[in-house]
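In: Structure of the sequence below:
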Amino acid sequence: MTTDLVPLAALFTLGLLGAGHCIGMCGGITSALGMAAGGRSRYGNAGIVLGYNLGRISSYAVAGLIAGGIGFVGSEYLALKPLLRGLAALLLILMGLYLSGWWRALVYLEQFGARLWRRIQPLSQKLMPVTGFPQALLMGAVWGWLPCGLVYSALAYATTAGSSADGALLMASFGAGTLPVMVLGGIFSFNLAAVLQKKGLRQFMGLWIIVFGLWTLWAGVIEFHGGHGDQMRGGATGEHHHG
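Out: Numbering: from 1, shown residues only. All right, here's what the predicted structure looks like:
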């Protein structure tokens, strides 16, 4: 399991910075569920909204479990760790550009994910109307697979986690970062999206995600050269002893 808190904090921050994108995509259904259930559920508005978001985060964790496992196989058996880290850095930079409105290349990746979403979305219709916490939890678990460039960027980072468990933990941390804004927007049903969609704020958050992507790339370069140097020193030492 992950003992280094830096990746966890990084993914949490990514979720927090990208919350404007999240509430733009999922905030509508969160508010709608909370308003519709507020007068009919013994759990109240807050319970429905919280259940939905916990379900959404659980889907992120499952996706992280898969991504971490793929990354483990790729790193340990196919020597793809530098490539995976480079891909994660690239997607983070593209997400920053997308969030800031400077370049919307990740739209094409979201369109690709929409193919899977078309197969999953009908499941949500069977859960309507949502009047209790279990239904909200399941609804969130379905909507957690909504095509989202921010989630895909976090998943790419999760492939570098080192194991399935660590990938799940990283994605849960990412989901926790999105939680404050999503819950507040759903419970109080105010136009938080309008605030978070302001151009200056989006550009500020996008810029920080770009910096995060560049840091990820730089950390990968340092790790690669460090490991390469250790191998060379180990080889040299082995030759010395052999002589």
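
In: tell me the mean pLDDT for the helix or strand hosting Trp218?
Out: Element membership of Trp218 [criterion: DSSP states H and E] is helix 199-242. Mean pLDDT, helix 199-242: 73.

In: same thing with stretch 118-133?
Out: Average pLDDT, stretch 118-133: 85.

In: repeat for stretch 20-32
Out: Averaging pLDDT along stretch 20-32 gives 66.

In: For Val195, pull up the helix or strand it's in.
Out: helix 192-196.

In: tell me the mean pLDDT for that helix?
Out: 67.

In: mind listing the helices for the chain?
Out: Counting by DSSP state H, one finds helices in the chain at the ranges 5-17, 19-37, 44-78, 81-100, 106-120, 122-125, 133-143, 149-158, 164-188, 192-196, 199-242.

In: Turn the ones you listed into TSV, columns for mean neighbour count.
Out: Backbone N, C-alpha and C define where each C-beta goes, glycine included. Compiled in TSV, those are given as follows (neighbours: other Cβ atoms under 10 Å):
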stretch	mean neighbour count
helix 5-17	19
helix 19-37	21
helix 44-78	21
helix 81-100	22
helix 106-120	13
helix 122-125	12
helix 133-143	22
helix 149-158	27
helix 164-188	22
helix 192-196	16
helix 199-242	14
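
In: Report pLDDT for Glu76.
Out: Glu76 is assigned 92 on the pLDDT scale.

In: Oops, could you answer that again for Asn45 instead?
Out: Reported pLDDT for Asn45: 72.

In: Tell me how far it lies from Gly69.
Out: Distance of Asn45 to Gly69, computed by Cβ to Cβ, to the nearest Å: 37 Å.

In: for Gly206, same thing?
Out: Counting by Cβ to Cβ - Gly206 and Gly69 are separated by 30 Å.

In: do the same with Arg56
Out: Separation of Arg56 from Gly69 (Cβ to Cβ): 21 Å.

In: Please apply the same query to Gly18.
Out: Gly18 is 24 Å from Gly69, by Cβ to Cβ.

In: just Ser124 next, same as before
Out: Separation of Ser124 from Gly69 (Cβ to Cβ) stands at 27 Å.

In: for Ala61, same thing?
Out: Remark: distance between Ala61 and Gly69 (Cβ to Cβ) = 13 Å.

In: what sits against the closest residue to Arg85 other than its chain neighbours?
Out: Counting by Cβ to Cβ, 6 or more residues apart in numbering, the nearest residue to Arg85 once its immediate chain neighbours are dropped is Gly220, at 3.6 Å. Going by Cβ atoms under 8 Å, 6 or more residues apart in numbering, Gly220 touches 82, 85-86, 89, 160.
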